[in-house]
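K.L.:
turn this into a structure:
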Amino acid sequence: MINKETFHPLNYIKKEEYSGSMDGMRYMLKRVKTENDDVIRVTIWPEPYGINKTPDDQKQSIDVPLTNEGVETAADWLNEQYEKQEERWKESLRKPLV
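P.N.:
Now for the predicted structure:
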């Protein structure tokens, strides 16, 4: 689980993509320009492949504000999705690389 007390990638996200994984769930936080504002796009997908090799239908995303509060919302969403889909993530760890 992501600990919001120590999860502070905002300054990094403003310049680069931030990615990680949690027991079969991969995630990326990326600054994205929308029509009105810059946001953080938070994307999750199952192991074992990177975001570019994973089919789009296996990814889920949300946009949150490009703020410290947005980072907290992202951490909450990541933890929530990990718990809701825990079996999916564990199953992805059991699949062999092809």
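
K.L.:
pull the residues that contact the helix or strand harbouring residue 43.
P.N.:
Assigned by DSSP states H and E, residue 43 belongs to strand 38-46. With contacts defined as Cβ atoms under 8 Å, 6 or more residues apart in numbering, strand 38-46 is touched by 13, 24-32, 51, 54, 58-66, 70-71, 74, 77-78, 81, 88-89, 91-92. Placement of C-beta: from N, CA and C, glycine included.

K.L.:
quick one, strands of this structure?
P.N.:
18-22, 25-33, 38-46, 60-65 (DSSP state E).

K.L.:
take these and write them to TSV, including mean pLDDT and distance to residue 96.
P.N.:
TSV is the format used below for these (pLDDT from 0 to 100; distance: least, Cβ to Cβ, whole Å):
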stretch	mean pLDDT	distance to residue 96
strand 18-22	96	17
strand 25-33	97	17
strand 38-46	97	14
strand 60-65	98	24
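
K.L.:
skipping adjacent residues, who's closest to the spatially most central residue of the chain in space?
P.N.:
Ranked by distance to the mean C-alpha position of the chain (Cα atoms, centre = their mean), the top residue is residue 27 at 2.9 Å. Leaving aside its chain neighbours, residue 27 sits nearest to residue 44 (4.9 Å; criterion: Cβ to Cβ, 6 or more residues apart in numbering).

K.L.:
try residue 30
P.N.:
residue 17 (4.6 Å).

K.L.:
thought that neighbour was touching residue 27?
P.N.:
No - between residue 17 and residue 27 there is no contact under Cβ atoms under 8 Å: 10.6 Å.
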